[in-house]
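> Based on what follows, work out the 3D shape:
(4 chains)
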Protein chains: 2
Amino acid sequence: MRASDMAYGSLRADILEWRLPPGTLLAEVEQARRLGISRTPLREALSRLVAEGLAAAHSGRGVVVTAVSLAGIADLFEVRLPLECAAARLAAARRDPAAFDALADRFEAAGALISSGGTDQHAYYGLVAELDAAIDEAAANPYLVQAQRQLRTHLVRARRLARDNPDRLLASAGEHRQIAQAVARGNAELAAAAVTIHLSNSLHHLQASVPGPLDA
Amino acid sequence: MRASDMAYGSLRADILEWRLPPGTLLAEVEQARRLGISRTPLREALSRLVAEGLAAAHSGRGVVVTAVSLAGIADLFEVRLPLECAAARLAAARRDPAAFDALADRFEAAGALISSGGTDQHAYYGLVAELDAAIDEAAANPYLVQAQRQLRTHLVRARRLARDNPDRLLASAGEHRQIAQAVARGNAELAAAAVTIHLSNSLHHLQASVPGPLDA
DNA sequence: TCGGGCTTCTCTGTATACAGGAGTCTGCTT
DNA sequence: AAGCAGACTCCTGTATACAGAGAAGCCCGA
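Numbers count the residues shown, from 1 in each chain, chains lettered A, B, ... in the order given. Below is the predicted model:
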């Protein structure tokens, strides 16, 4: 493992999990010392974060962790909607039915688990990530995967703006189950519709649960 | 201007204009000497190219300019279609009518110029880039702009696979005029339809004019 | 003659040293 | 007291030196 890859992964995780909140100044010498590496690989990691949009080069003063705002989330979903729909359509056309049937079953089980109160949020988001990965794999389009990766990165950070309650998690599980089922059946339009519903509900929940625009 | 920015721009232009054809090995010391800079800023430029998908890190042997294939172009357009449609819809909703009316007029003039034989391909592609930029600006969505920038980068390279003939250029000018007009009128669905037609024709032309899959 | 292993060489990955510039603080002037 | 100018300081941007890893070539053995 290269030191720059390690630094990139570490910083990226720290930003995504809000250990490095928006507005944090990432000084080169400080971060290099913190991670136990030299400035050279750290600079490469920082440039990758900047390219990804997780940090911005604050001219002359180093790079700063970018802000997350309500307006930004709306923009994010404006792009996610057509892209996720396209991915779902392609996946429906090229999928392996068994894989998505299995995912649909697991979302049904997750829904039952949530209703019974045994909510494991971390595990649930892992399952969502599995569905995303399965759709990406079925869509088999590297350009699509790259674009999705960028957007999902920002989504992970935006999630922390909202308090996830069991009701929303239960509804989300049902929506994801619908998506997986539609893809499993090879019904592209149904899959796109299910994605549209899910993203619409997801955005609405996010906007409703954030008190005001949070800049930092 | 930073040396790394200069190197990035120079290498990017060289790759896009096929002065560095697919498969070219970009050795650090060689390129650094060619550009008259040190390895440090050159490495930053290379990492940006890799992140952009224009080059790939060939483990242990440096980075190599990525290939352009027919299958890759089909993938590219699979993503471009929903994204350009979304951009056109947003632009139609938020546009400044005068700007797009002016662009429509310029495409009409460009069409007349092409029919009369005075084709200036370079200037025409510049006009297309202006329309793209105007749509981006009107859509006012940074995530969309970033995704589009990535895709259009690869498109520029793919264009060189096809021989542009005056007939196709004339048709393209008409299609772009339709897009600009639809956006100017604020008709989102019409704009999306015009984009769909243009991309479909564009892809068909590309696929028809390439003899076989070109890997390198 | 062909294949495998070893050696060597080159190239990447990393660390560090140096220079230029931007920001800030302080002191002076009005 | 407030504003401006100058200098200082820290931080980024760049160059270079060094080490380790991978690849290629060569030699030896079968």
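> which element is the residue in chain A sticking out farthest from the centre on?
In chain A, counting by Cα atoms, centre = their mean, A:Gly60 sits farthest out from the average C-alpha position, at 30.8 Å. For A:Gly60, there is no helix or strand it lies in under DSSP states H and E.
> can you give me the helices in chain A?
A:3-16, A:28-35, A:39-52, A:70-94, A:97-115, A:121-139, A:142-159, A:166-185, A:188-209 (DSSP state H).
> Among these, which comes closest to B:Ala92?
With respect to B:Ala92, and counting by Cβ to Cβ, the nearest of the helices of chain A is helix A:70-94 at 13.5 Å. Backbone N, C-alpha and C define where each C-beta goes, glycine included.
> what's that closest one packed up against?
helix A:121-139, helix A:142-159, helix A:166-185, helix A:188-209, helix B:70-94, helix B:142-159 (3 or more Cβ pairs under 8 Å, 6 or more residues apart in numbering or on different chains; DSSP states H and E).
> tilt between it and helix B:142-159?
50 degrees (axes from the mean of the first three to the mean of the last three Cα atoms, to 10 degrees).
> Report the buried residues of helix A:70-94.
A:70, A:72-73, A:75-92 (16 or more other Cβ atoms under 10 Å in any protein chain shown).
> and what of stretch A:134-150?
A:134-136, A:138-139, A:141, A:143-148, A:150.
> hey, C-alpha coordinates of that stretch in CSV?
What follows is stretch A:134-150, C-alpha atoms only, in CSV (Å, rounded to 0.1, in the frame of the first residue of the first chain):
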residue,chain,number,x,y,z
ALA,A,134,-24.8,-4.7,-7.9
ILE,A,135,-26.6,-2.1,-10.1
ASP,A,136,-23.2,-0.7,-11.1
GLU,A,137,-21.9,-4.1,-12.0
ALA,A,138,-25.0,-5.0,-13.9
ALA,A,139,-25.0,-1.7,-15.8
ALA,A,140,-21.4,-2.5,-16.8
ASN,A,141,-20.6,1.1,-17.8
PRO,A,142,-17.3,2.6,-16.4
TYR,A,143,-18.4,6.2,-17.1
LEU,A,144,-21.6,5.7,-15.3
VAL,A,145,-19.8,4.0,-12.3
GLN,A,146,-17.3,6.9,-12.1
ALA,A,147,-20.1,9.6,-12.2
GLN,A,148,-22.1,7.7,-9.6
ARG,A,149,-19.1,7.3,-7.3
GLN,A,150,-18.6,11.0,-7.2
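> Please report how far the residue nearest to the spatial centre of chain A lies from A:Gln207.
The residue lying closest to the centre of chain A (Cα atoms, centre = their mean) is A:Arg152, at 3.1 Å. According to Cβ to Cβ, to the nearest Å, A:Arg152 stands 19 Å off from A:Gln207.
> and what of A:Val29?
Computed as Cβ to Cβ, the A:Val29 to A:Gln207 distance reads 40 Å.
> Compare neighbour counts for the two and give me the winner.
Under the criterion of other Cβ atoms under 10 Å in any protein chain shown, the comparison of A:Val29 against A:Gln207 puts A:Gln207 first, with 14 against 10.
> Could you pull up the contacting residues of the more buried one?
Going by Cβ atoms under 8 Å, 6 or more residues apart in numbering or on different chains, A:Gln207 touches A:70, A:73-74.
> one more time with 10 Å
For A:Gln207, the contact set (Cβ atoms under 10 Å, 6 or more residues apart in numbering or on different chains) comprises A:70, A:73-74, A:77, A:161-162.
> Kindly report the same for A:Val29.
Here A:Val29 is in contact with A:39, A:42, A:62 (criterion: Cβ under 10 Å, 6+ apart).
> again, only using 8 Å
Contacts of A:Val29 (Cβ under 8 Å, 6+ apart): A:Arg39.
> I'd say A:Ala188 and A:Ala87 touch.
No: using Cβ atoms under 8 Å, A:Ala188 is not in contact with A:Ala87, being 10.8 Å away.
> Can you check which residues contact both of these two?
Common contact partners of A:Ala188 and A:Ala87 (Cβ under 8 Å, 6+ apart): none.
> sorry, back to before: can you report phi and psi for the residue farthest from the centre of chain A?
phi 90, psi -20 (degrees, to the nearest 10).
> swap in A:Ala67?
phi -80, psi 160.
> how close does it get to A:Ala45?
Distance from A:Ala67 to A:Ala45, by Cβ to Cβ: 20 Å.
> cool, A:Leu54 as well?
Here A:Leu54 is placed at a distance of 11 Å from A:Ala45 (Cβ to Cβ).
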